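> What shape does this take:
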Amino acid sequence: MKADAGDPSRRAILKGGMATATALALPACETPTSGSSGGADMALGHRLRDGAFPEPVREERVPLLIAGGGVAGLSAGWRLREAGFDDFRLIELEDQPGGNARGGRNAVSAYPLGAHYLPIPNEEARGLRQMLRQMGVIVGERDGKPVYDPLQLCADLQERLLWQGKWQEGLVPRTGLSSKDEADLAAFNRTMADFSRRRDREGRPAFAIPVAYSARDADLLALDRISFAQWLDRQGWTSQVLRAHVRYACRDDYGTEPADVSSWAGIHYFASRRGFTAHGSGDNELTWPEGNSRLTSLIADRLGDRITTGRVAFRARRDEKGAMVDVFDAQQGSSIRYRADAVILAMPHFIATRLLGEKPDAAYSYAPWLIANVTVDRAPEGKGSALAWDNVSASSASLGYVVATHQSDSHTGPTVLTWYMALSDMPPASARRLLVDRSDADWRRFVRDDLLGMNPDLNGAIRSIDLWKWGHAMVRPTPGFLWDVAPRQRAAILSPFFRAHSDLSGLSLFEEAHYRGMAAAEAALSSIGHPHETLL
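Residues are numbered from 1 along each chain as shown. The predicted model follows:
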């Protein structure tokens with residue numbers, strides 16, 4: 001949670017002044033010079049944008065090609081194998097699959113490079129639960145509900161907030177509240193609970209995960225036409241405490257400010273989670289030291305040699321033989337032409353349209369993020385509540401940090417803190433420019449100062465800061481996108497090409513990417529005449 005964009009320290013960030021008021025109050029501390037800097041392969045990405053690839057020198061034939069190895073592409077491959085179809089190839093631009101659910105590792109711990117948890121899936125996420133059973137995440141069933149491996153559920157304490165100089169359990173302030181704060185928070189919570197319970201005439205939830213299972217009532221769809229900030233205004237909820245919490249939520253899941261988030265998407269954050277579990281703890285999360293890389297790695301292992309990395313699809317066309325996709329092999333420095341009966345383009349809209357020679361829809365925009373994995377000699381402490389898995393400061397521009405070793409029995413000794421920053425206070429193009437132009441040394445100083453502002457006790461304990469930059473981390477669910485733009489793009493998909501990406505849903509969630517991967521795989525299987533029973 002953070003003050004609005006008029007806050008002086010935030011203006012300093014936007015204008016380039018990386019020394020914050022917080023840092024001035026701290027003892028002198030050297031910025032670690034050690035640490036890596038990575039992100040999506042910008043050089044190959046820019047070559048794709050500029051079309052600077054050689055023409056193919058050979059052809060390969062494959063019945064079904066998946067271009068893209070993020071969560072959606074991997075899920076498509078998983079679904080093909082579930083249907084008994086093994087004659088496919090998955091190609092991925094990066095040196096490892098996983099998309100924004102990749103992970104890293106150092107001598108202290110594994111850690112995420114992007115998405116770091118999966119909430120307990122809803123009852124409607126049938127296909128995802130089947131996959132989690134295979135992975136040993138779901139270990140049984142009781143009274144018709146899944147039983148999850150307790151060691152993969154987030155251990156206590158799950159969340160804490162630094163509020164008015166003291167850590168408290170949970171992410172909503174509980175002390176120092178005005179009567180207006182308390183009234184608005186209570187009214188907001190009641191309204192979200194009502195939305196969560198609501199069903200349409202067919203029994204569909206008002207807000208479901210995946211989104212495809214949501215109700216289509218006119219008043220619900222109308223929520224997509226205005227921003228979340230506008231909707232809050234109409235309710236008369238002006239409490240700055242509530243607004244700060246809502247802002248945290250929108251930046252956390254969407255990398256976007258409430259004024260730019262569809263109110264349907266904003267309400268979805270609070271009203272869609274109904275974890276289906278025998279534990280009676282459906283609001284818990286599944287998490288691992290490496291975050292959701294645990295899941296993508298397990299899928300990739302299942303697909304085995306069907307995955308080829310370092311290959312960039314740069315052109316896709318239909319012809320009389322079906323589909324052709326031209327692919328650059330980064331290791332060989334030459335291009336290949338794949339011919340296939342069906343192609344799953346598991347990539348963002350702006351890349352897929354470029355391959356197909358189509359004009360991208362300007363309504364699509366993507367949020368940039370900075371992630372830092374900070375290795376420290378000792379676990380953070382702090383006045384008040386004990387260290388949690390997720391630790392957030394009400395006075396920080398960042399979204400706080402998660403503790404990579406939280407699931408272990410011991411909270412002492414060295415650990416890795418995965419620190420998150422959504423660059424949401426400026427237009428995405430400007431934020432991407434800042435992400436690249438700001439030096440790594442300046443970014444490390446900023447991460448250090450922000451972390452020490454939350455935990456001064458870490459002064460002198462920071463060993464290294466590894467940066468990871470996502471220029472297009474997630475689609476932004478702006479007003480009108482989810483129930484106008486996204487459906488229009490889904491309707492435009494024509495065989496032999498099939499799209500698979502979370503931006504077809506409008507929410508960059510693991511469940512959405514998994515669903516879109518399954519949906520594309522089943523559509524491709526139908527097009528080539530391979531029998532299967534749907535998991536959708």
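
> Okay, and the nearest residue to Trp389 once chain neighbours are set aside sits in which element?
Nearest in space to Trp389, with sequence neighbours left out and distances taken as Cβ to Cβ, 6 or more residues apart in numbering, is His406 at 4.2 Å. Glycine gets a C-beta too; all of them are placed from N, C-alpha and C. His406 is located outside every helix and strand, with elements delineated by DSSP states H and E.

> quick one: contacts for His406?
The contact partners of His406, taken as Cβ atoms under 8 Å, 6 or more residues apart in numbering, are Cys154, Ala155, Thr287, Leu387, Ala388, Trp389.

> what's the closest of those residues to Ala500?
Closest approach between these and Ala500, by Cβ to Cβ: Thr287, at 24.9 Å.

> any idea how far the closest one lies from Asp319?
Distance check for Thr287 against Asp319: by Cβ to Cβ, to the nearest Å, it reads 46 Å.

> Could you do Gly136 as well?
For Gly136, the distance to Asp319 - Cβ to Cβ - is 44 Å.

> what's the answer for Arg306, then?
Arg306 sits 25 Å away from Asp319, taking Cβ to Cβ as the criterion.

> more neighbours, these two?
Neighbour comparison, Arg306 and Asp319: the larger count goes to Arg306, with 18 against 9 (by other Cβ atoms under 10 Å).

> Can you name the residues bridging to Val374?
Here Val374 sits in beta bridges with Leu417, Ile465, as judged by DSSP bridges.

> what residue of this structure is the furthest out?
Relative to the C-alpha centroid of the chain, counting by Cα atoms, centre = their mean, Glu320 is the outermost residue, at 38.3 Å.

> Now do the same for it: its pLDDT.
pLDDT, Glu320: 84.

> what does Gly17 give?
Note for Gly17: predicted pLDDT of 33.

> Also Gly280?
According to the predicted model, the pLDDT of Gly280 comes to 79.

> can you check Thr20 too?
Predicted confidence (pLDDT) for Thr20: 32.

> what do you get for the one 3 residues further on?
Reading off the per-residue confidence, Ala23 sits at a pLDDT of 35.

> Also Leu14?
So, for Leu14, pLDDT stands at 32.

> ditto for Leu303
As predicted, Leu303 sits at a pLDDT of 97.

> How about it, nearest residue that isn't a chain neighbour?
Gly77 (4.7 Å).

> State the distance from that neighbour to Gly280.
Distance, Gly77 to Gly280, using Cβ to Cβ: 34 Å.

> Compare these two and say which one has the larger neighbour count.
A count of neighbours by other Cβ under 10 Å puts Gly77 above the other of Gly77 and Gly280, at 30 against 9.

> Surely that one is within a helix?
Yes - when DSSP: H, G, I helix; E, B strand; the rest coil is applied, Gly77 is found to be in a helix.

> That one reaches Asp86, doesn't it?
No - the pair Gly77 and Asp86 does not pass the contact test of Cβ atoms under 8 Å, sitting 9.9 Å apart.

> Now list whatever residues contact both of those two.
Jointly contacting Gly77 and Asp86 under the rule Cβ under 8 Å, 6+ apart are Arg306.

> Where does Trp470 sit: helix, strand or coil?
Classification of Trp470 using three-state DSSP returns strand.

> Likewise for Leu90?
Per three-state DSSP, Leu90 ends up strand.

> Tell me where the model's unsure across the stretch 1-150 of the chain.
Residues of the stretch 1-150 of the chain that meet the criterion pLDDT under 70 lie in 1-33, 44.

> how much space between the residue nearest to Trp389 and Gly73?
From His406 over to Gly73 (counting by Cβ to Cβ), the distance is 29 Å.

> Next: Ile528.
If you go by Cβ to Cβ, the gap between Ile528 and Gly73 works out to 18 Å.

> out of those two, which sits in the busier spot?
Neighbour totals were compared for Ile528 and Gly73, and Gly73 leads with 33 against 16 (other Cβ under 10 Å).

> Correct me if wrong: that one contacts Arg89.
No - the pair Gly73 / Arg89 is not scored as a contact, 11.2 Å apart, by Cβ under 8 Å.

> list the residues that contact both of those two?
With Cβ under 8 Å, 6+ apart as the test, Gly73 and Arg89 both reach Ile66.

> In strands only, show me the contacts of His406.
Using DSSP state E, no member of the contacts of His406 falls within strands.

> and of those, the nearest to Leu298?
Each of the contacts of His406 was checked against Leu298 using Cβ to Cβ; the closest is Thr287, at 14.5 Å.

> can you pull out the strands in the stretch 101-250 of the chain?
Under the criterion DSSP state E, counting those that start in this stretch, the stretch 101-250 of the chain contains strands at 103-105, 110-112, 118-119, 138-142, 145-148, 159-163, 166-169.

> quick one: low-confidence parts of the stretch 351-500 of the chain?
Looking along the stretch 351-500 of the chain with the criterion set at pLDDT under 70, you get 409-411.

> any chance you could map the strands in it?
When assigned using DSSP E, counting those that start in this stretch, the strands of the stretch 351-500 of the chain occupy the ranges 366-376, 390-393, 401-403, 415-422, 462-475, 497-499.
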